[in-house]
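J.: pasting the structure only:
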C-alpha cells in the first residue's frame, strides 16, 4: 500500500514555457502533499506544503507565482513551473501523507527530472 | 538553516559485509527521525520513523538506533547484499503541524557481488 505516482518522469521544455507535474496518491487519501526539489549533490529541499482545498504554504525563497501548486482533491496535487528558465532545471519530487500527526510517514513519488533549454 | 549531516557520503562494500552509517541532527526541538531507502529511478521507501531516545528498530537485516540527547542515529545493515545498493536518507522532524522534514544528503551504498 501507500503508493504515490508522479508524471511525467522526465520533461524537456523550452525557456519561457510552463510545465505541469502531477502527483497522485493511488491507494490512500492524502491530507497533505509536499513538493521538494533536489539539485545535484544536494539534499531534498522542501518547496511547499499543500492541504486539499487550501492554499499552499511556500518555504522561504520559493516564488509562489513561479511555482503554482494546486491540491484539488485528496489524491491529486499539481506543480506548475511557469515561464521556466534554465536555472529551474532540477529534480522535483512529491510526497504525501494520510494523517495529520507530525511524525507520520511521507510516501514519495519517483520524481520528475526537468530540463529547461 | 537546520543542518542534517550524513556520513559517509558514499560507501562501497563487498557482499556479506556488515556496514553502518550515521545521521547527525540538532538535539533541540527533536520530534522524530525518519530513514528512507532510495533506489535509482524508484520512489524513496520509508524504512523507519524513530521518536524515542534509545529507540532501536529493525526490518530484516536493517536496523537503526537513535540518540536524541547527542543528536545522532545509526543505520546498520547486516550481511549486505547487492540489492541493498541504494541511497539511504535520513530526515529530521521537528514536529511541525505542516510536517516539514529536513533531509540529509544521503549515504550512497554500493554492494559488490
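T.: Okay, I see it. A quick note: this is a predicted structure, and the numbers were derived from the prediction, not measured. Numbers count the residues shown, from 1 in each chain, chains lettered A, B, ... in the order given.

J.: what pLDDT, on average, does stretch A:90-104 get?
T.: Here stretch A:90-104 scores 84 as its mean pLDDT.

J.: That stretch spans what distance, first to last residue?
T.: End-to-end distance of stretch A:90-104: 27 Å, with Cα to Cα, to the nearest Å as the criterion.

J.: now stretch B:12-21
T.: Termini of stretch B:12-21 sit 12 Å apart (Cα to Cα).

J.: Any part of it near chain A?
T.: No. Using Cβ under 8 Å from any Cβ of the partner chain, stretch B:12-21 stays clear of chain A, with a minimum separation of 15.0 Å. Placement of C-beta: from N, CA and C, glycine included.

J.: do the same with stretch B:64-76
T.: No. Stretch B:64-76 lies apart from chain A when judged by Cβ under 8 Å from any Cβ; the minimum separation is 12.4 Å.

J.: Next, the buried residues of that stretch.
T.: Using 16 or more other Cβ atoms under 10 Å in any protein chain shown as the test for burial, stretch B:64-76 gives B:64, B:66, B:68, B:71, B:72, B:73, B:75.

J.: got any ranges where chain B has weak pLDDT?
T.: Scanning chain B for pLDDT under 70 picks out B:1, B:97.

J.: could you redo the last one with a cut-off of 80?
T.: Residues of chain B meeting the criterion pLDDT under 80: B:1, B:96-99.

J.: what does it put close to chain A?
T.: Counting by Cβ under 8 Å from any Cβ, chain B sits next to chain A at B:4, B:31-32, B:34, B:36, B:41-44, B:46, B:49, B:51, B:89, B:91, B:93-101, B:103-106.

J.: Report the contact partners of the nearest residue to residue A:95 once chain neighbours are set aside.
T.: Spatially, and ignoring its direct neighbours in sequence, residue A:95 is nearest to residue A:106 (4.0 Å; Cβ to Cβ, 6 or more residues apart in numbering or on different chains). Listed by Cβ atoms under 8 Å, 6 or more residues apart in numbering or on different chains, the contact partners of residue A:106 are A:34, A:95, A:96, A:97, B:34, B:46, B:99, B:101.

J.: Spatially central residue for chain A, please.
T.: Taking Cα atoms, centre = their mean, the centroid of chain A lies closest to residue A:35, which sits 3.3 Å from it.

J.: what bridges to that one?
T.: residue A:48, residue A:94 (DSSP bridges).

J.: where does it sit relative to chain B, distance-wise?
T.: In this view, residue A:35 and chain B are 12 Å apart by Cβ to the nearest Cβ, to the nearest Å.

J.: Likewise for residue A:62?
T.: Taking Cβ to the nearest Cβ as the measure, residue A:62 falls 13 Å from chain B.

J.: Just the pLDDT for that residue.
T.: 94.

J.: same deal with the one 4 residues further on?
T.: Taken from the predicted model, the pLDDT recorded for residue A:66 is 96.

J.: Residue A:80 is in contact with that one, correct?
T.: No. If you go by Cβ atoms under 8 Å, residue A:66 and residue A:80 don't touch, sitting 9.1 Å apart.

J.: just checking, what packs against the helix or strand hosting residue A:22?
T.: Residue A:22 belongs to strand A:19-25 when assigned by DSSP states H and E. Applying 3 or more Cβ pairs under 8 Å, 6 or more residues apart in numbering or on different chains; DSSP states H and E, we find strand A:19-25 packed against strand A:4-7, strand A:10-13, strand A:32-38, strand A:76-81, strand A:90-97, strand A:112-116.
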